[in-house]
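1. all I have is the shape, not the residue letters:
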Ligand SMILES: CC/C=C\C/C=C/C(=O)SCCNC(=O)CCNC(=O)[C@H](O)C(C)(C)COP(=O)(O)OP(=O)(O)OC[C@H]1O[C@@H](n2cnc3c(N)ncnc32)[C@H](O)[C@@H]1OP(=O)(O)O
């Protein structure tokens with residue numbers, strides 16, 4: 001709703017009221033229409049101020065309404081009526097003015113923002129465009145290049161930048177509503193002819209075509225198949241080339257296409273999923289709202305390899321006091337330099353002072369004695385980690401939380417090495433740890449709710465999207481990756497090339513295909529794990545055929561490459577070739593193609609034609625199938641947790657909503673049918689056998705993803 005009052009004798013004050021972000025729900029729109037009418041009709045009112053309650057102007061259209069009720073006054077005529085008013089209307093912007101919220105402010109004649117306010121048109125991140133006149137008014141106000149930048153990226157700008165760009169007229173450190181009322185009194189009675197943005201001519205840069213072509217090319221490249229950024233460019237082009245009313249028509253047309261698209265649904269699902277994972281729960285019943293985190297003032301990192309360095313930087317950047325421990329002297333010296341460099345570069349980018357003093361270094365594990373929380377980040381060797389957890393348990397003050405950055409090893413086993421297993425949790429960061437947004441917080445069977453709450457809270461403080469998951473081999477992300485990688489190898493055996501597989505995945509929207517990513521992260525990483533699992537042994541040693549290990553189909557292709565010293569980018573050769581070790585540009589490698597041909601001939605395999613659809617179905621459906629197993633096992637609380645992990649940690653295209661959402665869009669019955677088909681063709685691949693939960697969901701009529709938790713709960717209660 002919107003509340004109306006008359007202040008200072010002649011200012012109509014309209015306050016948007018819809019906690020927590022004053023989204024423009026139907027009730028709020030009704031309220032605005034009614035209160036604006038009232039303010040304009042009351043003779044004593046000479047000017048109007050619009051503000052939002054609780055220190056936030058407006059978070060935009062109510063996203064929840066998009067999927068259901070779109071009744072109530074539409075935004076466009078509502079904003080038009082404000083702009084057409086014959087009394088000055090001032091927007092008092094505190095907190096955020098985003099999306100429809102900023103579009104409402106652009107309809108006002110003046111905008112005054114608090115210095116801490118954030119403004120933006122983030123509709124593109126929801127698969128939409130600013131269709132309440134934003135694509136037409138903003139370029140008229142701040143010019144085409146700046147408007148294109150804001151609209152196609154959806155980025156939020158500070159009040160200072162908004163002032164510099166000309167989005168707002170004034171910035172204040174004082175009470176914004178008071179400042180706006182004072183301003184409204186000062187402009188009462190003045191002509192509004194020059195204040196209606198829709199009447200401005202849109203500035204036309206001389207190189208208009210080149211400008212739009214360049215931006216469109218850039219947007220298409222980074223959008224990886226997302227349609228909203230492209231539509232945003234088209235809408236701004238309409239502003240630059242058409243009269244306002246025709247531009248508005250074009251904005252409406254483009255929005256109609258986006259609004260009903262699967263991409264918009266996927267992106268809006270991601271928006272809410274990202275927030276839902278913060279409301280974590282554990283199978284014990286412990287939850288986010290009943291588990292109090294303990295404050296962490298001092299944190300420690302053990303092991304300063306690539307991961308440890310990134311974690312130390314991320315911790316220091318949150319303002320914590322950090323102790324970084326590395327027992328190898330040479331590594332410690334190198335790490336000091338690297339961490340300082342990362343802190344300095346990060347600080348320069350953010351325009352702040354580097355937190356160099358917040359971090360101290362030591363070669364001795366005793367230095368972590370008074371830390372509130374320790375994160376172990378040594379390499380993936382259980383014996384080494386066991387020893388470190390035993391030492392930490394002896395050295396640390398009582399109550400210190402002991403966390404491991406392992407990406408796959410057993411958190412319960414590490415906890416069993418300590419005196420207080422309830423203080424142990426996994427904090428699985430993704431490389432580079434100071435950049436990647438995802439954090440898997442892994443609770444073991446004995447982890448206390450407080451330990452989980454503290455790790456989740458620390459993750460939030462570090463700006464991470466933290467997801468609480470149960471303990472199993474590979475947790476959620478890496479567990480699902482295993483069948484995906486396995487399929488990619490099998491496809492090569494059957495006739496595909498790395499180029500074909502990667503192209504299919506990249507056209508689907510992944511930033512990089514599976515083979516390109518493997519080359520980047522190093523083929524030796526998986527080789528080491530497979531050796532540890534007794535898989536990557538030469539066939540002589542196992543006494544089995546090279547393509548069967550532990551009773552199931554196995555592809556030794558990755559192992560064979562490693563045996564040749566082809567570890568990927570770092571050695572200059574892997575699934576592709578690079579111009580030098582450490583080179584980044586992947587080129588097709590004729591050696592690899594001959595190697596595959598020889599391999600197939602040696603094993604009596606006849607290459608067949610494999611199309612992109614088969615690549616996608618096999619790689620993605622086995623990954624999704626494992627996701628259903630994870631839900632069935634209670635390792636992830638719901639599909640949103642899995643989807644957030646894949647979008648933020650594994651490059652899954654956000655406009656596809658994550659693997660479980662994608663499955664719901666494809667149709668669960670179709671996913672089941674294709675898995676059954678492939679399992680029949682490959683009975684020696686257990687990952688293709690459809691999960692029981694998937695069958696249950698299909699049998700119960702493939703309910704929408706929001707209702708899967710109910711089916712899972714029922715399934716668990718029957719076990
Ligand atoms: C027909 C359409 C015509 C015109 C086009 C206009 C389109 C739009 O305006 S689309 C909406 C554009 N706005 C946004 O994208 C802003 C989204 N919100 C945010 O970025 C943030 O919420 C915030 C910066 C405004 C506040 O951040 P923070 O304080 O961290 O709070 P949360 O993000 O946790 O949000 C709290 C709570 O509010 C819900 N919520 C936020 N924004 C909206 C919204 N626009 N509509 C509905 N609900 C919203 C959010 O989901 C949280 O609730 P839950 O925890 O229950 O999920």
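-> Cool, the structure landed. Just so it is clear, the structure is predicted and the values come from calculations on it, not from any experiment.
2. residue 490 against residue 555, yeah?
-> Yes. Using CB atoms under 8 Å, residue 490 is in contact with residue 555, at 5.8 Å. Bear in mind the C-beta positions are built from the backbone N, C-alpha and C, glycine included.
3. show me the contacts for the residue of the stretch 351-500 of the chain found nearest the ligand.
-> Closest residue of the stretch 351-500 of the chain to the ligand, CB to the nearest ligand atom: residue 460 (10.0 Å). Under the criterion of CB atoms under 8 Å, 6 or more residues apart in numbering, the neighbours of residue 460 are 278, 466.
4. now the phi/psi pair for the closest residue to residue 667 other than its chain neighbours, please.
-> Using CB to CB, 6 or more residues apart in numbering and skipping the chain neighbours, the partner closest in space to residue 667 is residue 702 (6.7 Å). Main-chain dihedrals, residue 702, degrees, to the nearest 10: phi 50, psi 70.
5. now for residue 702, how many residues are close by?
-> The number of residues packed near residue 702 is 19, by other CB atoms under 10 Å.
6. pretty sure it contacts residue 670?
-> No. The pair residue 702 / residue 670 is not scored as a contact, 9.5 Å apart, by CB under 8 Å.
7. let's check: the centremost residue of the protein is which one?
-> Taking CA atoms, centre = their mean, the centroid of the chain lies closest to residue 648, which sits 3.8 Å from it.
8. toward the C-terminus, what is the element adjacent to whichever strand or helix holds that one?
-> For residue 648, the host element (DSSP states H and E) is helix 639-649. Where DSSP H and E defines the elements, the next helix or strand beyond helix 639-649 is helix 659-666.
9. and the very next helix or strand once past that following helix with helix 659-666, angle?
-> Of the helices and strands lying after helix 659-666 in sequence (DSSP H and E), the nearest is helix 668-681. Calculated by axes from the mean of the first three to the mean of the last three CA atoms, to 10 degrees, helix 668-681 forms an angle of 100 degrees with helix 659-666.
10. what's next to helix 668-681, contact-wise?
-> Helix 668-681 is contacted from outside by 617-618, 621-622, 624-625, 663, 685, 688-690, 694-695, 697-698, 702, using CB under 8 Å, 6+ apart.
11. with stretch 167-185 instead?
-> By CB under 8 Å, 6+ apart, stretch 167-185 touches 7-8, 10-11, 13, 46-49, 51, 88, 90-94, 102, 110-115, 117, 119, 138, 141-142, 157, 159-160, 162-163.
12. among those residues, which are in helices?
-> Among those, the members falling in helices (DSSP state H) are 102, 138, 141-142, 159-160, 162-163.
13. ok, which pair from those residues is furthest apart?
-> Among the ones in helices among the contacts of stretch 167-185, the pair separated by the greatest distance (CB to CB) is 138 and 160, at 17.9 Å.
14. and these two? Which one has more around it.
-> Each of residue 138 and residue 160 has its neighbours counted (other CB under 10 Å); residue 138 has more, 27 against 13.
15. point me to the residue of the stretch 551-700 of the chain nearest the ligand.
-> For the stretch 551-700 of the chain, CB to the nearest ligand atom, closest residue to the ligand: residue 640, 10.7 Å.
16. average pLDDT across stretch 526-537?
-> When pLDDT is averaged over stretch 526-537, the result is 85.
17. again, but for stretch 663-678
-> pLDDT averaged over stretch 663-678 gives 98.
18. stretch 603-623 too?
-> Averaged over stretch 603-623, pLDDT sits at 97.
19. just for the stretch 1-150 of the chain, where's the confidence low?
-> Residues of the stretch 1-150 of the chain that meet the criterion pLDDT under 70 lie in 69.
20. strands of that one, start to end?
-> Listed in chain order, the strands of the stretch 1-150 of the chain (DSSP state E, counting those that start in this stretch) span 2-7, 11-16, 47-52, 89-93, 96-98, 110-114, 118-120.
21. redo the ones you listed as JSON lines? Include mean neighbour count and distance to residue 376.
-> Putting those into JSON lines (neighbours: other CB atoms under 10 Å; distance: least, CB to CB, whole Å) gives the following:
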{"stretch": "strand 2-7", "mean neighbour count": "15", "distance to residue 376": "53"}
{"stretch": "strand 11-16", "mean neighbour count": "24", "distance to residue 376": "48"}
{"stretch": "strand 47-52", "mean neighbour count": "27", "distance to residue 376": "45"}
{"stretch": "strand 89-93", "mean neighbour count": "29", "distance to residue 376": "45"}
{"stretch": "strand 96-98", "mean neighbour count": "27", "distance to residue 376": "38"}
{"stretch": "strand 110-114", "mean neighbour count": "26", "distance to residue 376": "43"}
{"stretch": "strand 118-120", "mean neighbour count": "23", "distance to residue 376": "37"}
